Structure formats: structure tokens, C-alpha cells
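Asks: only geometry, no sequence info:
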């Protein structure tokens, strides 16, 4: 039987040395949930937050099969977990490479401020408020900027984000996908017809500067090499590649 782990600190050792802010969010009870087979002495654990599930400890088929509805990104701690995911989901999962960026970036504030000048004419940057939160939810491409938070109030309390607006429409944004005590995990999206116009760069620069002002670290995990290049432009450095599985 699977249980939600109330004492999330019990799973801390299983995730030891795994530098992943979304795991921190779950352990700190800021966002997300953890599930185990044994609540008192967990040997296997899954941390669920947004589209992501992180598996740690002793591989457990019951946990791997406990997939929520819809699209999921499963991240195995070991090769044994990876093999179990492949066994359980076979042709329903796709193995992908993601890119972890270093978590100790020292940002150049003057340089980031200079990047704001790349914002195209006719566009304006705004921090996400109540009205813009609702606008983000209306479009499939921009939902992830705010949707992992359970409510508008939770986002406004814990989250932070900036969007580019043209003709009263959101065309790009960078926001907190998730939040942990010391910082956020960045989500960046641009409407398909507005890409390659420096909108992602300017939104991210604005967001990073706002995080630094608040004493928050803006963590970055890259889905692809384009995301790596954008992160490097902003001052991040690549840490390592890792394997994940996209499961439908």
C-alpha cells in the first residue's frame, strides 16, 4: 500500500547529494508531495511536483506504477530505477536527456540589466499579478508559468514571475515553476509566433534580478540545448547531463 509521507524529513537521506530544487520543495513542504510504502522507515520514495516525479532509495515497482493521470516526467536516481521505469511503461515512455545547471551562479547584475534593452519595441515587461495570473492560465502554452501552484493566492504569496505584453496580450514569460525556501525553479515560455525575438532573454533577466533583490536563488534546469544556451547567456554554467523519462 502507498502512503503520503507526512514526515518528509525521513526521506532526506534517500535524496542526499541530489541537487534538485524541486526535491527541496517537497522535503521542505513548500510544494509537492512524497509517497512511500513504509511511513516509519522509508526505503523507497517518490517526490511528486508539477509534471515531475523523482524516485530515490530502493527501486520499487509499486511506486513506479503509481503514476498520476496525464503527462509525467520521471527522473530515476539510479540505473536500477531507470530499468524499472522502462519495464513498467515500455512503449509509453520516452528516454530523454536533460541538463542540470550549477546551483552556485554569481550573477552580474549590470550585465543582466543591460539585457533588458533587447526587449523589442512595442513590448512591455510586467510582474505577474492577479489579472496576469488568470491570463497565463487561459493559454495552454503559458499555463506552466503559474499552474503548479494550487491557487492564485499561493502563487502571489510564494511565486514570482514576469511577462512580456504586446497589444494587451501575454506573448512570453519567465516565472517560478516551483518554490523552495531559498529560491525558485525557473519556467520560461514564449508564444510560438513570437519566438527568436529576445523575449525569453529579457523576461528571464528581469526575473533573475527580482529574485536577487529578494534574496532568492533562481535555479535553472534545462530541457534541451536551446535552454542550456539561454541559461549560459544569462550567466549559468552547465553542471551535468541526466536521464529522464517522458511518460504519457
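Replies: Perfect, thanks for sending it. Note that the coordinates shown come from a computational prediction; the quantities given were computed from them, not determined experimentally.

Asks: tell me what the residue nearest to residue 11 when sequence neighbours are not counted is bridged to.
Replies: Leaving aside its sequence neighbours, residue 11 sits nearest to residue 45 (C-beta to C-beta, 6 or more residues apart in numbering; 4.4 Å). Quick note: C-beta positions are derived from backbone N, CA and C, even for glycine. Assessed by DSSP bridges, residue 45 has beta-bridge partners residue 36, residue 56.

Asks: state the number of residues packed around residue 45.
Replies: Neighbourhood size, residue 45 [other C-beta atoms under 10 Å]: 27.

Asks: and the helices in this structure?
Replies: For the chain, applying DSSP state H gives helices covering 21-27, 61-64, 79-89, 109-115, 130-138, 152-158, 199-214, 225-234.

Asks: any idea how far the residue nearest to residue 11 is from residue 61?
Replies: Look at residue 45 and residue 61: by C-beta to C-beta, to the nearest Å, they are 14 Å apart.

Asks: swap in residue 4?
Replies: The gap separating residue 4 from residue 61 is 19 Å, by C-beta to C-beta.

Asks: ok, residue 230 next?
Replies: 38 Å.

Asks: how about a markdown table for the helices of the chain, with distance to residue 182 and mean neighbour count added?
Replies: Putting the helices of the chain into a markdown table (distance: least, C-beta to C-beta, whole Å; neighbours: other C-beta atoms under 10 Å) gives the following:
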| stretch | distance to residue 182 | mean neighbour count |
| --- | --- | --- |
| helix 21-27 | 8 | 24 |
| helix 61-64 | 28 | 17 |
| helix 79-89 | 27 | 17 |
| helix 109-115 | 19 | 14 |
| helix 130-138 | 23 | 16 |
| helix 152-158 | 13 | 15 |
| helix 199-214 | 10 | 21 |
| helix 225-234 | 19 | 16 |
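
Asks: Serialize the ones you listed to a markdown table and add fields for mean pLDDT.
Replies: Formatted as a markdown table, these follow (pLDDT from 0 to 100):
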| stretch | mean pLDDT |
| --- | --- |
| helix 21-27 | 98 |
| helix 61-64 | 98 |
| helix 79-89 | 98 |
| helix 109-115 | 98 |
| helix 130-138 | 98 |
| helix 152-158 | 98 |
| helix 199-214 | 99 |
| helix 225-234 | 98 |
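
Asks: relative to residue 103, which of those is closest?
Replies: Smallest distance to residue 103 across the helices of the chain (C-beta to C-beta): 7.6 Å, for helix 21-27.

Asks: packing partners for the closest one?
Replies: Using 3 or more C-beta pairs under 8 Å, 6 or more residues apart in numbering; DSSP states H and E as the contact test, the elements touching helix 21-27 are strand 33-36, strand 44-49, strand 52-57, strand 169-180, strand 183-190.

Asks: looking at those strands, which is buried most?
Replies: With neighbours defined by mean count of other C-beta atoms under 10 Å, none of those is more surrounded on average than strand 169-180, at a mean of 26.

Asks: could you check the angle helix 130-138 makes with it?
Replies: With axes from the mean of the first three to the mean of the last three C-alpha atoms, to 10 degrees applied, the angle from strand 169-180 to helix 130-138 works out at 90 degrees.
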